[in-house]
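In: Sharing a sequence plus its predicted fold:
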Amino acid sequence: MRSFRIPFKYQLLIPMVLILLAVVVFPLGYSLVISFQDFQLSKIGQQQFIGLENYINLFHNRSFWMALRNTIEFVIMAVSIEVTLGFFLALLLHNKATFLRGFFRSTLLSPMFITPIAVGLIFRFLTNSQLGVIPNLLEKINISIDFFSPKLALFSIAMIDVWQWTPFMLLLLLAGLESLPEEPIEAAQVDGAQGLKMVWYVILPLMRPIILAAIVIRMLDAFKVYEYIYAITRGGPAGATETMQYLIYRTGFIYFRAGEAAAMSYVFIFVITILVLILFFILRGEAVQE
Amino acid sequence: MNASQRKKFNAIVILVILSIYLLIVVFPYFWTIIASIKEPSAINHPLDFNFTPTLENWKAVIQAGIPRQALNSLIVGLVTVSICLVAGAPAAYAFSRYKVGGNKSRFLVLLSQMLPPATLIIPLFLLMYQVRINNSLIRVVISHLTVLLPLVTWFLIGFFDEVPRELEDAALVDGCTNWQTLLKIVIPVVRPGLGAAALFAFVLSWNDMFYALILTSVKARTLPVGIAGYWTFRGVEMGQMSAAILLAIVPMIILSFFVQRFMLRGMARGAVKG
């Protein structure tokens, strides 16, 4: 009798697949089950099947819609500034003539390596109306800004994200610039293209797929924003900075409503997937054009 | 302006712009360092630089739970990274060498780590409760694997792509089994990649607060959860908070200098080729 052997290439995958089945796939499935139940963390063992009720209730839940809107607004604000600033800085750092290039690169990249809760706390300290250095400096020139007022709070949080994650954009785009083919750029140089013209007509079109990939990667990560809000506003004032990640945390672990939180997270995954698919079609379209 | 003057002028403009941005990046670090050596009363006057430096904040932080929390973070990071390498490297080799699942699989691996932690934390928390995984640190390791195992795998695929095929073929002709070829021939070649992936994953594990906040008991906090505990805002805590923050971020900034160059390479390949 011939014994059955798993082909080598599948043997290689066994450990990873088993772990991911246990820690990602199974929990996600379990979460789907929870989302159809009236499941309170304070009363484990008394859950009841309630069908789609958790999902239906979300439609009337104002906090939910507000958090979804805040999250999308936050992601658009933060990522658009990060990609613009990151591309600009990447161009400067790619230039081999730039003085102290290595020093600038390693220092400017540092914020992406530190824990976001520390970044949140540092900026809360810097902007504190009594203890903070920024309001105190602004006071000298008679300006008073409340960075975390209902109108400004989400923008301020987005700016903190820009401080921490523009370096990540810079890293991706710098890597992209370094991988560009040299011929088209040299050819353009021979034709007399320089400076801004070179960037706009030659480098930007070549970089397009990389820029779009960088935007997708950064957006998916920005959807997870949580620590700055935990450190500074805790969702306030009046829900102005409550994002999905924070709302799900609050619903599940402060109000103990696990069923509702699970339903929220499924809707959230659905929304993210739709947004990513839209971006993917843009990416694919670009690839076909070239 | 002639050409060489113009070149000089451009160089100066670039230098000025980069310096301004550098200031924006470095200022928060600088200010945190200042606050960590100020007396509580001096912190109430942020623009007064006439203060006597003190190490009281640092002493208080080191006598509090911070070293224990740093040790917890270190243990979680090391265990997570080891599991990621042992399970992720063979998988990355399968994707690179045998094209399992085609080119799409690379991007799928990356996407799976993009799930927002909020969506996984509820089932993970309940499952751990039901199967009685009571040890805080094991719980955090499990949660970090959900993010880092796919990420490490994705990161390593690019490094395996660069191993010359001839090397493997020669080993197979010499009678090595597939596993021997992987362990004795291929792994040594990609060692820099493994090192970079390990550092990168360690930094991310060390920096996580969300999972650790929910999954650890008060007795077994990790460092980011520990510093999040300084959220009451009085002058007394600000100095200590600053010292604790520095203990959490400085090691990672130092590690980042070693890993940046490799990340630049890894990302170029991963991001460009999707």
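Out: Now that the structure is in, tell me what you want to look at.
In: you'd agree A:Phe8 is up against B:Gln180?
Out: No. Using Cβ atoms under 8 Å, A:Phe8 makes no contact with B:Gln180, being 11.4 Å away. In this view, the C-beta of every residue, glycine as well, is placed from N, C-alpha and C.
In: Tell me which of those two has more neighbours.
Out: The neighbour count for A:Phe8 versus B:Gln180, taken as other Cβ atoms under 10 Å in any protein chain shown, is higher for A:Phe8 (16 against 13).
In: ok, that one to A:Ala22 distance?
Out: According to Cβ to Cβ, to the nearest Å, A:Phe8 and A:Ala22 sit 23 Å apart.
In: List the backbone torsions phi and psi for the residue nearest to A:Tyr201 when sequence neighbours are not counted.
Out: Closest residue to A:Tyr201 apart from its sequence neighbours, by Cβ to Cβ, 6 or more residues apart in numbering or on different chains: A:Ala193 at 6.6 Å. Note on A:Ala193: backbone dihedrals following degrees, to the nearest 10 are phi -70, psi 140.
In: what does A:Phe49 give?
Out: Dihedral angles for A:Phe49 - degrees, to the nearest 10 - are phi -70, psi 120.
In: ditto for A:Ile254
Out: According to degrees, to the nearest 10, A:Ile254 has phi -110, psi -40.
In: How many residues are close by it?
Out: 9.
In: For it, give me the pLDDT.
Out: pLDDT recorded at A:Ile254 is 89.
In: Quickly note the distance from it to B:Leu213.
Out: Applying Cβ to Cβ to A:Ile254 and B:Leu213 gives a distance of 12 Å.
In: Kindly report the same for A:Phe104.
Out: A:Phe104 sits 35 Å away from B:Leu213, going by Cβ to Cβ.
In: Could you list the residues in contact with stretch B:70-77?
Out: Contacting residues not belonging to stretch B:70-77 are listed as B:136-137, B:140-141, B:144, B:202, B:205-206, B:212, B:216, B:220-224, B:247-248 [Cβ atoms under 8 Å, 6 or more residues apart in numbering or on different chains].
In: Now tell me what touches stretch A:68-83 from outside.
Out: Defining contact as Cβ under 8 Å, 6+ apart, one finds that stretch A:68-83 is touched by A:154-155, A:157-158, A:161-162, A:165-166, A:168-169, A:211, A:214-215, A:218-219, A:222-223, A:225, A:239-245, A:268, A:271.
In: Select only the buried ones of the residues you listed in PyMOL?
Out: Buried residues within the contacts of stretch A:68-83, by 16 or more other Cβ atoms under 10 Å in any protein chain shown, are selected in PyMOL with:
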select buried, chain A and resi 154+157+158+161+162+165+166+168+169+211+214+215+218+219+222+223+225+240+241+242+243+244+245+268
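In: which among the contacts of stretch A:68-83 are in contact with chain B?
Out: Among these, the residues within reach of chain B (Cβ under 8 Å from any Cβ of the partner chain) are A:214, A:223, A:244-245, A:268.
In: Below-threshold pLDDT in chain B: ranges please.
Out: Low-confidence segments of chain B, defined by pLDDT under 70: B:1, B:113, B:231-236, B:266-274.
In: where along it do the strands fall?
Out: Secondary structure of chain B (DSSP state E): no strands present.
In: could you pull out the helices for it?
Out: Ranges of helices in chain B, per DSSP state H, are B:3-36, B:40-43, B:56-63, B:66-97, B:104-112, B:117-130, B:136-161, B:165-173, B:178-180, B:187-189, B:191-207, B:210-215, B:223-228, B:235-273.
In: So what's the gap between the second one and the chain middle?
Out: This points to helix B:40-43. Centroid separation for helix B:40-43 versus its chain: 33 Å, with Cα atoms, centre = their mean, to the nearest Å.
In: which parts of it are buried?
Out: Along helix B:40-43, these residues count as buried under the neighbour rule (16+ other Cβ under 10 Å): B:40, B:42-43.
In: hmm, it in reach of chain A?
Out: Yes. Residues of helix B:40-43 contacting chain A under Cβ under 8 Å from any Cβ: B:Ile43.
In: and that helix, what other elements does it pack with?
Out: helix B:235-273 (3 or more Cβ pairs under 8 Å, 6 or more residues apart in numbering or on different chains; DSSP states H and E).
In: how many neighbours does the nearest residue to B:Gly239 once chain neighbours are set aside have?
Out: In this structure, B:Gly239 finds its nearest non-sequential neighbour in B:Asn57, 3.8 Å apart by Cβ to Cβ, 6+ apart. Applying other Cβ under 10 Å, we find 25 residues neighbouring B:Asn57.
In: Confirm for me that the residue nearest to A:Tyr201 is in contact with A:Val202.
Out: Yes. A:Ala193 lies in contact with A:Val202 (Cβ under 8 Å); the separation is 6.1 Å.
In: mind listing the helices for the stretch 51-200 of chain A?
Out: Using DSSP state H, counting those that start in this stretch, the helices found in the stretch 51-200 of chain A span residues A:53-59, A:62-94, A:101-108, A:116-127, A:133-140, A:153-178, A:183-190, A:195-198.
In: and those helices as CSV, adding mean pLDDT?
Out: Below are these laid out as CSV (pLDDT from 0 to 100):
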stretch, mean pLDDT
helix A:53-59, 87
helix A:62-94, 93
helix A:101-108, 87
helix A:116-127, 93
helix A:133-140, 86
helix A:153-178, 92
helix A:183-190, 78
helix A:195-198, 77
